[in-house]
Each structure stands twice: as structure tokens, then as C-alpha cells.
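K.L.:
sequence first, predicted coordinates after that:
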Amino acid sequence: MAEEASKKADDNTVFIGKKPSMSYVLAAVTQFGDGQKEIYLKARGRSISKAVDVAEIVKNKFVPEAKIKSIETGTDQIENENKEKVNVSTITITLAKE
């Protein structure tokens, strides 16, 4: 039962990284097309601005009925290549289709 809940959470999450923005826009639009009512755009560090771009492109160009439901910010602590702990900013943008 817990596995089903975590799988469902992963199905509607798009992790933003180094690919072009339109790759993530396509992933988000596909999630809405598959019947998801909410999707989560998650990004860390330098990818945060790309996550904002993706949310705006999805909302303004492809899924006009989608609205930004919430924006959460935070900090993750990760190890860099020198085994030092560094803080990295994170963002989660929740898009909901009405």
C-alpha cells in the first residue's frame, strides 16, 4: 500500500535539471494529458530559474486552465566532490489543473 502511494507521488513529479526547458514542459503537459490533477516541479540550485520558466510556459502556452497552487522553498544539505557538506536551495512548484 505504501509503495502505491510513493509510486503515485513519483508519477506526477517532474525533476528539473540540465536538459532544455521544453523537455520538462513536454513532461509536465504529458502528465496533465494522462489525467493528473496536480503535478510537482522540483529543482535545486541553478535549475530553480528553469523550474519557474517551465511552470510559466506550461501555464501560459499549453495548459491555460493550470494554476500555480503553491510554491515551497527549502534547503538540502549535500556532499560535494571534496566530501564537504554544502547547502543547496530547493523549490517545489505545484501546478493544479482546475
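P.N.:
The structure has been received and is ready for your questions. The structure displayed is predicted, hence computed values, not measured ones. Residues are numbered from 1 along each chain as shown.
K.L.:
so how far is Thr13 from the residue most central in space within the chain?
P.N.:
Residue closest to the average C-alpha location in the chain (C-alpha atoms, centre = their mean): Leu41, at 1.1 Å. Distance of Leu41 to Thr13, computed by C-beta to C-beta, to the nearest Å: 8 Å. To be clear about C-beta, it is placed using only N, CA and C from the backbone, and glycine gets the same treatment.
K.L.:
now do Asn60
P.N.:
Between Asn60 and Thr13 the computed distance is 21 Å (C-beta to C-beta).
K.L.:
compare the two (neighbour count), which wins?
P.N.:
Ranked by neighbour count (other C-beta atoms under 10 Å), Asn60 and Thr13 place Thr13 first, with 15 against 10.
K.L.:
might you report the residue contacts of the nearest residue to the more buried one once chain neighbours are set aside?
P.N.:
In this structure, Thr13 finds its nearest non-sequential neighbour in Tyr40, 4.6 Å apart by C-beta to C-beta, 6 or more residues apart in numbering. Counting by C-beta atoms under 8 Å, 6 or more residues apart in numbering, Tyr40 touches 12-14, 92-95.
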